[in-house]
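1. Pasting the sequence and the predicted model now:
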Amino acid sequence: MNWDEYTLWAKRIADWGSDYHKTLADRPVRAQTAPGEIAAQLPQSPPEGAEGMDAIMGDFEHIVMPGMTHWQHPRFFAYFAANAAPPSMLAEMLVNTVAAQCMLWQTSPAATEMEGVMVDWLRQAMGLPEGFSGVIQDSASSATLSAVLTMRERATAWRGNREGLNGQGRLRIYCSTHVHSSIDRACWVAGIGQDNLVKIGTRSDGHFAMDTDELAARIAKDRAAGYIPAGIIAITGGTGIGASDDLVPVLKIAAQEGLYTHLDAAWAGSAMICPEFRAQFWDGVEGFDSIVFNPHKWLGAQFDCSIQFLKNPQEQINTLKIEPEYLKTSGAEVTNYSEWTIPLGRRFRALKLWFLIRSYGLEGLRTRIRNHVLWAHELCEVIRAMPGFEIVTEPILSLFSFRCAGDDAMQQRLVDAINDDGRIYITQGMHEGAKVIRFQVGQFDTTRDHVMMAAQVIDEIRGTLT
């Protein structure tokens, strides 16, 4: 392809993208294909000769698109949305075009310096005090792994990377039963092990917070048994039902025990740009050593984009930095964010934040989040009033769960039937040993009408199953 052809196809694909988004509401939300159906349409061997873009784009429409679940659909109520606001998409076009590898300051000074400023813009927006800095990660999973590795190194007096874990003692990390599976995986990858991730029970209050009395007792018991407590991971807005820990008592225990703390606010952290939510979910947050949230979930920054705030970045740098001669920067004191993260290679993720925040302003982003929370509460009341339904967990921000009459198998039948219908997309979950139906409002361009339509679909589909 020459650059004239590139120009032609770039314009065509931009037009295609605009039409796609304008007509998304007319498509089923979830892919309607059967397993193996897409692969069966692809040649088993690569072509020897070049093919034209007309044929390639035609096959994209015919083969690929029927197999896509539409995460930008305004009736996407499953998981947490991975939003892509138009300014963010435009920024990504520029990033892809320049195609820089931004691992060091000298490999792209603008990317490094903008990253520092964008992290600080979001620090201010979320009410965190001065003194916090941070880094843009690909996902909360990477940020959590970075924090767990830092816990490990602190607890082993920085010997783990050098000597390995043999002979260092059995480390323990503490969290609630509502944490995301990425915490489990981080403990696997860090060599700490599943058995040493201690999950603490939660209180049956409105937010299902970690039982800090149990936490303190378990740490004391583990120390007496010869284990080495290394850190505590708290959550604000857990994936299952939105569980949120009381941060101040968790931090008090961590301070008494000398433990590193990490807060997983991957989804709900975005809502903290709204000051009215902070008293309920964010009180004490300034005491955490590490905090993660994902602008790609609720703020509209195209996936992937995760912010990890750090009170003392040097501890994470001491854990992750490795500097062969060819990566050294001479003649200047600069920040190299590859020393703060696990991957050496880094994309220019800060640009989409710059475009996004400037295009909407913080107040425009706050309005969307406030609407989503309001509409989720409204829908919850509508479902509560529908015969044959019960609310299991009340809304935490824009997430709640419910059940229809029947056993666990019936809940799954309803979820599957709704998703096969295609008008909305939801997921199931588990709470206190029983299957629930999970509903979350967060797609960037959803409207109240889209949200309220879900009640009609849910009730209608349930009627066909009884």
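-> Structure's in. What do you need?

2. packing partners for the lengthiest helix in the chain?
-> Longest helix in the chain, counting residues (DSSP state H): helix 350-385. With contacts taken as 3 or more C-beta pairs under 8 Å, 6 or more residues apart in numbering; DSSP states H and E, helix 350-385 sits against helix 86-98, helix 109-125, helix 295-298, strand 389-396, strand 399-404, strand 434-440, helix 448-464. C-beta: built from backbone N, CA, C; applies to glycine.

3. can you give me the angle the first one makes with helix 350-385?
-> Inter-element angle recorded for helix 86-98 and helix 350-385: 140 degrees (by axes from the mean of the first three to the mean of the last three C-alpha atoms, to 10 degrees).

4. do the fifth one as well
-> For strand 399-404 and helix 350-385, the angle between their directions (the same axes, to 10 degrees) works out to 30 degrees.

5. Now strand 399-404 - C-alpha only, PDB.
-> The C-alpha trace of strand 399-404 is given here as PDB (Å, rounded to 0.1, in the frame of the first residue of the first chain):
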ATOM      1  CA  LEU A 399     -24.300  -1.300  39.800                       C
ATOM      2  CA  PHE A 400     -26.900  -3.500  41.400                       C
ATOM      3  CA  SER A 401     -28.000  -7.200  41.300                       C
ATOM      4  CA  PHE A 402     -31.400  -9.000  41.300                       C
ATOM      5  CA  ARG A 403     -33.000 -12.400  40.900                       C
ATOM      6  CA  CYS A 404     -36.200 -13.600  39.300                       C
END
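
6. now for the next helix or strand after it, which elements pack on it?
-> Where DSSP states H and E defines the elements, the next helix or strand beyond strand 399-404 is helix 408-421. Using 3+ C-beta pairs under 8 Å, 6+ apart, the elements in contact with helix 408-421 are strand 399-404, strand 427-431, strand 434-440, helix 448-464.

7. run the last query once more with 6 Å
-> strand 434-440, helix 448-464 (3 or more C-beta pairs under 6 Å, 6 or more residues apart in numbering; DSSP states H and E).

8. so which of those is the most packed in?
-> Of all the helices and strands packed on helix 408-421, strand 434-440 has the most neighbours on average by mean count of other C-beta atoms under 10 Å, namely a mean of 22.

9. mean confidence for that one?
-> Strand 434-440 carries an average pLDDT of 96.

10. gap between it and the chain center?
-> Offset of strand 434-440 from its chain centre (C-alpha atoms, centre = their mean, to the nearest Å): 19 Å.

11. Partner strands of it, with direction?
-> Using DSSP bridges, strand 434-440 pairs in its sheet with strand 399-404 (antiparallel), strand 427-431 (antiparallel).

12. which other residues reach it?
-> 77, 392, 398-403, 408, 411, 415, 426-429 (C-beta atoms under 6 Å, 6 or more residues apart in numbering).

13. Same question for stretch 225-242.
-> For stretch 225-242, using C-beta under 6 Å, 6+ apart, the contacting residues are 151, 155, 169-175, 178-180, 183, 219, 222, 244-245, 250, 254, 257, 259-265, 267-268, 281, 393, 396, 399, 401, 429, 431.

14. could you flag which of those residues are buried?
-> Neighbour counting over the contacts of stretch 225-242 (16 or more other C-beta atoms under 10 Å) leaves 151, 155, 171-175, 178-180, 183, 219, 222, 244-245, 250, 254, 257, 259-265, 267-268, 281, 393, 396, 399, 401, 429, 431 as the buried ones.

15. In strands, which of these appear?
-> 171-175, 260-264, 393, 396, 399, 401, 429, 431 (DSSP state E).

16. which of the residues you listed sit farthest apart?
-> 171 and 401 (33.9 Å; C-beta to C-beta).

17. Give me the nearest residue to residue 100, chain neighbours excluded.
-> Closest residue to residue 100 apart from its sequence neighbours, by C-beta to C-beta, 6 or more residues apart in numbering: residue 108 at 4.5 Å.
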